Structure formats: structure tokens, C-alpha cells
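In: Provided below for reference: sequence and predicted model.
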Amino acid sequence: MDMNQYLSMFIDESNDHLQSLNENMLQLEGNPEDLGIVQVIFRSAHTLKGMAATMGFEDLASLTHKMENVLDLVRNEKLKMQDFIFDTLFKSLDALETMVQDITGGGEGKADVSSIVASLQAIENGEWTGGNAPAADANQSPNTSTPSAVELDEFQYSVLDQSIAEGHRVLYIEVLVSEQSQLKGVRAYMVFDLLERSGEVVKSFPTVQDIEQEKFERSFSLYYITTKEAQELEKGIMSISEIESAKVIQLDQETLQQMTNQAAAAVEVADAPVPAPEAVSLNTKDSSKDEAKPVASKPAPPKQAAAPSRTIRVDIERLDVLMNLFSELLIDRSRLEQLASETGNNDLSDTVAHLSRVSTDLQNIVLKLRMVPVDTVFNRFPRMIRDLAKTLDKKIDLVITGAETELDRTVIDEIGDPLVHLLRNAVDHGVESIAERVAAGKPEMGTVNLRAFHSGNHVFIEIEDDGKGIYRDNLLKTAVKRGVVTEEQGAKMSDDEVNQLLFAPGFSTADKISDISGRGVGLDVVKSKITSLGGNVTIHSTPGKGTNFSVQLPLTLSIIAAMLVRLGSEKYAVPLSSIVETAIVQRQQVRNIHGNKMITFRESLIPYLSLSEVFGVPDFNDADEQETEIVVIRKGERLAAVAVEEFIGQSEIVLKSMGTYLPSIEGISGATILGDGQVALILDPNAFIK
Amino acid sequence: MEEELKVIVFKLGSEEYGIEVDKVQTIERMMPITRVPKTLSFVKGVINLRGVVIPVIDLRGRFSLPESEYTDQTRIVIVGVDDMQVGFIVDSANDVIDIKRDAIDTPPEVVGGVKARYLRGVAKLEDSRLLIMLNLHEVLNKSEIVQLESIEG
């Protein structure tokens, strides 16, 4: 069977499972007694194992299997969750994630996880230091990897028990059929045939009927009464072709009892049939031998997915194609609108007006299709904060609000790294150590708020900590030391300006640069990344109380509202989001202040920029005009006036890349195609305000 | 075995140049070009090629030849190399010919003032025409643009 067609589905679903595993593990860590969560985790791991095995990713399957074994002991109260176990399980999750990533990248999902497996094995066998031994024992054989055991009812148990008492050999046999085997059922039959010639099979798992119908993965196990030697039987079974391994263990009364106890608990663990989710037992806390019968039931789906899903997964590339086609349509619409107004034909105008309305609705829908909740980025943070807090020996409570806020897919893809950086920064440098917090009269547990919310045409993401905040003097001292500003410059700066120094390249207030983050180390990268997305980041801090990083992001990157302006024969588009207003100024209002042109605008002086000069426009210069149109643009709190010749009007424009050949040009963020087919360049107002 | 190569032939001044046909996406007549400020002088701007914005360079300017007026014969040859699309403005382009691979000689040190490394070779054609084969990777070398820019800028 060609598995490739299922690969992307497998990857998606594996990621979902890993995410849910991570989330639930975190929950469990906060509430280690809650066996309900363990059940959910176990099922998730189990499904993942089944999927991986079906797809042939053996390493992935076997690691999940190991985790499952440990989880199984936990949910049957044979093992208590402890830090070491949590750490090992988290490590396993990381390893699984790496494997899935490798598979995503076209790899085989292979990874060296021997140390993790060893830890898991140790936990399973109760050999790890500092823990109470789990009840499960590794008595079956030294190389046992699966504590697969078969559940026996009382009758079968007594039969076996008696047989042992009467001096018969009671054997527990586990057979693994070769992976390549085409006819597993036949191989199994041959094993049974061989066994029945010299003894009696008391119980097999899966049942004989299931085995005959090939309803088993690759292995099956059975209890067997015979007079023959274990070794002899093992040899006999192995002589059947396509049998990969056969484990034959002779039982005495004691081991038999142990195994049956264990089996009652672990019955559904061992190699459940594929598809995996089907054979999950509904073990509850008070599960006893009798109640723990395997019940073929669908595992309770994770909480969020309780209602049947009404969504489909769509390849993002198809959405991109749709988006491109749609932008073509928008360009034609502008063209039609222009033609209609030129020809003055009423019918044509009406039709075009209708077309415009429809395409506006269509545009909203297409854009909505690309909207993804920030949840997809946020959900990896709890885990990250947990690990960070552990490494730094701090107590951190991460409070996430507004995770359902939606952002364009292209923005989502880019925003993860900057947020990671800001969060690390907040944990590492924002929140104080426990001792410091206690000394400052704060609760031991630091709080980091991660908030997302809509506001107008923007989405804000805020990262707020209740840590020590930023001290102006410390920051300035470092800035001067690092040569970012001079002492005189610094003295004149407002508090906000001083805070912004954190984003200056090559700046760090951390005396020691830790491997986690340095406030400033790389914050300039964060800033430039966010700016490149058309966003902005600001800092507010109250010394002693905490710091708030506020990231402002555009809702979408591909279609924006813009004001078209003309300079001579050239047209430019100015994103509406950064325009404060437009105005006309007289030449004499433009003043020269210390070599800089400024104008008075709403009682404050703002810089006046001659676009024709900056861009070297050949056929227009605002210096020749008595009256000049200006566009007042904003970057954060600061304003500037840009002189143009004429306003053309507002228009929806589709952002187009200018290709990779041209180097990036300061002041230009891209190009768009106007209704008349002409290319207009899009201004990057951020570049005009330094 | 003699391997044949299909080549688009275009002219700059009196010289004839060739580009392998598989590198050429289309040949367009002159169209409105939007100037891009603060770029090198031979970068004429960007055009709208059926919805795609493509930078256009004047090949004369690229080769430091004197630029000339655009005429009816002026063409924009759109080439694609490594996912990069660029339009070349050339004096005329109207021929596709087959040449034999072994008819291409390595370029002599200096040919028509064009820096030798832009050239892949010179092909001798039957009626003693000489065809200069372009090395597109060098012509579109971005690191050189950045260098030039820092000198000019």
C-alpha cells in the first residue's frame, strides 16, 4: 500500500496528539493525582503508537510504546507520578516531536533515543533511584520489552494453577510474526497446530477466532500446558517460517499469580489490534481483575473535539493559489470600475457596482479562510515556560487569554519566534528569583500574562510580567557603556525612549549572557521581525512592578487598504493603517530648524519629508509649489508629514513581491498592480520615521 | 554525437547575443515601466507581466554600453534563473536558431567591452556571424549588484 497519501494526515494528526499530550502532561503536573488525565494521555499515546506503527515508523512506535507502559502503571496506581517521571515523559515527548519533524522533512523519523528508552525502562522496572518500586515486575524474562500478559478468568487460572501443582509445565508464550509476513493468520495457525500436538492452549490473546481472522498486529501470546521443555518448544516455533521471535517462559505458581494480577491491569496495553484506538479498556481507579475486561470502545475524544468536527483540512498551498487568483480578480475589478466611470454607461456601472459588492464579500471570506487562532502558536508556550522555570529555579504562572484571537496564517507563521524570545526574556530577566520576590514582598509565584486581542485593524499580543521591571538608570548606564547612546543623549530621552533602547542592536543589560536569553541580545531581531510584518512593538515598564511588551500586528499581510498618491507621473500607495490624516500646507509653513524641515501640526512640530527628494522623482518637486498636499503618517507615537503632489484616493491593494533580484529598498515595502495595469510601489512609512 | 542547442538571438548595438531557449520565458514588446527609486541606473524599474511584478534591467546599462532610445524593435526578454525572474531590455530579438554545442568557443579575454565573465562563450555561425552566449548566472549575480550599489550609493 502506498502510504504517502496518508503521510500529511499522519503528520497533522501526530502533531495534534503531541500537542494534546504536552498540554495534558502539564495539567497532570499541576494535579498529579488525577488519573482521569492519565487516561487521556494514555489514549493519546496509544493512538499515536498505532498510527506510527501503521505508517511503518518503528522508532516512533516503540518509543510511544515505552511511554505507554509507564503510563499504564500510573493509571493503574502501580506507580506514582513524580518529577523524574514527568521529566522523562517530557523528554520523550520532545524526542517524539523531533521524530515527527524529521518525518515532516521527508526523513524516516529515526532518532537515537536509547537514553530515554533506558530511563523509561528503568521507571517501568522500578529501578530508577529515589522512587518506590512499581508493582509490575520484570520476572518474565530478562529481555522483556513488553509486559504483555494475558488476562485469565478464574477458571482458567485455577486450571493453570492446578496443572502446576500436579507437576505439569505451564508456559507463557509470546510469538512475534515477521513484519513482512503476508499471511499472519496462517503463521499463527501453524504455531497453534504445532502446540496442540503436544499440549493444550488454555488461553490466547487475542482470541483464536481473532487470530484466525488476522485481527492482531504482529504478536500474540498464550498460556500453554505441556510436558515438553520450554527450549524445545521455542525451537519448534522458531522453525516455522516468518516467525520473528518466540518467547517461552515457564511459570510457577508465584509468577503465574503475579502475571495474572498484572494482566488484569495491563490487558489492553499489549499490542492492541490496529486501528489502535479501538481496544482501550475503561479501567477506573477501582479496577479489579474482574472489571478490567477489555471493552472495545472509542476512547473519549479530547475535550475540545467533543462535537463532531465540521471542519476540513486544506493544504495551505491551495489557499495561496486561491488568494492569488482572487487578487487578480481584485485588480480586474479596479480596472472595471475605472472603465465604467470613464464610459458612463449606467448598466455597466450597476453591474460593476454589484461585482464590487460581491467581490468584497468574497474577499472577506477568502481572508477569513486564512485566519488561524493564535492558539496554534500559544499552545507550545506553557510547556516552554515550565521548562524554563525549572531550569531557572523560579515559579512561574503563565496566564493565557485571548488564544482564540485570529490572525492571518502568514503572520502566525512568522510571529512564533519573536514571541518565544519575548517570553523567555520575561521569565529570565523579568521575573525575579524566588528569594528576591519574597524579599520584595511579592508572592513566590511570578505571573506572566500572555494576552491577545483585536483592536481595529490590528491584533495586539501582550507579554506582561510582574517582575522587577526596567530601571532607567541601569539601562542608560549599559547603553552608554555599549556605545548605543552618549550620556548627553541619554539624559534628554524620555522614559519610553530609554525603554526602546532595549531594541537597539548589540545591547544587553544582562551582566552574564545566559543561554536562555539576554534582555537585548536578539531583541533587535525581534523588533525587526515584527516591523517586517508591518507591526510594531512597544515597552511599558514600572520599576519594581513589572514590564509589558506590546506587539501590534496587522490582521493580514496580503490585502491592505491604502491611499494612492501621485508625484508627477509616478504613483505610490501609502498603507492606510499608518496614515493619521491628510492636509494641505503652505510653503511658508515649512520651517527650517537646524537643517531639518519641520511643520507645525496640531500644535506640535513634526518632521516634513519631501518624498520627491528622497525618491528622486524626475517630474515633480514640492519645493516648486506654493501649496503642498501632505500625508501625516505615524509610527508608534511619532508623526511625520510626507509631501506629495496629489491624492488619488483610497483603494484596496494586493501586495505583490518584487521578486528576489532587486535588493530591498529603504522606504519601499513592495509593489501592487493598479486598476490600469500599472505597477505602483508601496511606501513603508516606518522607514521614514527614525 | 553533436548536441544541438536552441538559442534565442537578440541584438545590442551591432553585437548578437544568445540565451538558451529554456531560460527564456517570453519576449515582450516595450511596456510601461514603473521606476524604482534608489536602485542602480541600469535597473529600469518593474513591469506588470500578467499580474506578476518583474524587475527590468537595461542590458546595455548592465554591460556598461551606451544606452540608446527605445524603438519599435526594443524588446523585453523575460528570463528565469533559480526562481528569479528578470526582464532584459534589448535592442531587438527576432530569431531562434539551433547551434551545435561544440561550435561554442570559450570567450577570448575581451569581447566588445563586455566583461568576459558574463559570457559563456562565442558561437561561430555559418555565414561567419558571431553569437555571444550569455552566462545568465553572472549577469544576474546579486552580490555584484550589492557591491555596485555600495560604490555608487
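Out: Right, received. Where do you want to start?

In: okay, now the unreliable bits of chain B?
Out: For chain B, applying pLDDT under 70 flags the ranges B:1-2, B:107-117, B:142-153.

In: nearest residue to the residue of it found nearest chain A other than its sequence neighbours?
Out: Nearest to chain A in chain B, going by C-beta to the nearest C-beta, is B:Pro37, at a distance of 3.6 Å. Quick note: C-beta positions are derived from backbone N, CA and C, even for glycine. Nearest non-adjacent residue to B:Pro37, counting by C-beta to C-beta, 6 or more residues apart in numbering or on different chains: A:Phe615, 3.6 Å away.

In: same question, B:Val77
Out: Per C-beta to C-beta, 6+ apart, closest to B:Val77 is B:Phe88, 4.6 Å.

In: can you check A:Gly677 too?
Out: Using C-beta to C-beta, 6+ apart and skipping the chain neighbours, the partner closest in space to A:Gly677 is B:Asn48 (5.5 Å).

In: is the one you found in contact with A:Ala680, as I believe?
Out: No - applying C-beta atoms under 8 Å, one finds B:Asn48 not in contact with A:Ala680, separated by 9.8 Å.

In: which residues are common contacts for these two?
Out: Taking C-beta atoms under 8 Å, 6 or more residues apart in numbering or on different chains as the criterion, B:Asn48 and A:Ala680 both touch A:Ile673.

In: does the residue nearest to A:Gly677 count as helix, strand or coil?
Out: Put simply, B:Asn48 is strand when judged by DSSP: H, G, I helix; E, B strand; the rest coil.

In: show me what it is bridged to.
Out: Note on B:Asn48: beta-bridge partners B:Val53, judged by DSSP bridges.

In: measure it to B:Asp72 for me?
Out: 21 Å (C-beta to C-beta, to the nearest Å).

In: would you mind telling me which of the two has the busier surroundings?
Out: B:Asn48 (23 against 8; other C-beta atoms under 10 Å in any protein chain shown).

In: contacts only, for that one.
Out: Here B:Asn48 is in contact with A:673, A:677-679, B:31 (criterion: C-beta under 8 Å, 6+ apart).

In: what ranges do the strands span in chain B?
Out: All strands of chain B, identified by DSSP state E, fall at B:4-12, B:15-20, B:24-29, B:43-49, B:52-58, B:75-81, B:84-90, B:92-100, B:104-105, B:119-124, B:130-134.

In: one more: the stretch 151-300 of chain A?
Out: Applying DSSP state E, counting those that start in this stretch to the stretch 151-300 of chain A gives strands spanning A:169-177, A:199-205, A:219-226, A:243-251.

In: make JSON lines from those strands and add mean pLDDT and mean neighbour count to it.
Out: Listed next are the strands of the stretch 151-300 of chain A as JSON lines, based on pLDDT from 0 to 100; neighbours: other C-beta atoms under 10 Å in any protein chain shown:
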{"stretch": "strand A:169-177", "mean pLDDT": "81", "mean neighbour count": "22"}
{"stretch": "strand A:199-205", "mean pLDDT": "77", "mean neighbour count": "19"}
{"stretch": "strand A:219-226", "mean pLDDT": "80", "mean neighbour count": "23"}
{"stretch": "strand A:243-251", "mean pLDDT": "80", "mean neighbour count": "19"}
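
In: which of the ones you listed sits closest to chain B?
Out: Of the strands of the stretch 151-300 of chain A, the one closest to chain B (C-beta to the nearest C-beta) turns out to be strand A:243-251, at 48.0 Å.

In: what's the distance between A:Asn345 and A:Arg335?
Out: To A:Arg335, A:Asn345 is 15 Å away according to C-beta to C-beta.

In: compare these two (neighbour count), which wins?
Out: A count of neighbours by other C-beta under 10 Å puts A:Arg335 above the other of A:Asn345 and A:Arg335, at 16 against 13.

In: okay, the more buried one: pLDDT?
Out: pLDDT, the model's per-residue confidence, is 80 for A:Arg335.

In: spatially nearest residue to it, not counting backbone neighbours?
Out: Spatial nearest neighbour of A:Arg335, excluding adjacent residues (C-beta to C-beta, 6+ apart): A:Gly675 at 4.4 Å.

In: could you report the neighbour count for that neighbour?
Out: Neighbour tally, A:Gly675, other C-beta under 10 Å: 17.

In: make sure A:Thr227 is actually in contact with A:Arg169.
Out: Yes - using C-beta under 8 Å, A:Thr227 is in contact with A:Arg169, at 6.4 Å.

In: which helix or strand in chain A has the lowest average pLDDT?
Out: In chain A, no helix or strand scores lower on mean pLDDT, DSSP states H and E than helix A:253-266, which sits at a mean of 64.

In: tell me which residue in the stretch 501-650 of chain A sits closest to chain B.
Out: Here the stretch 501-650 of chain A gets closest to chain B at one residue, A:Phe615, 3.6 Å apart by C-beta to the nearest C-beta.
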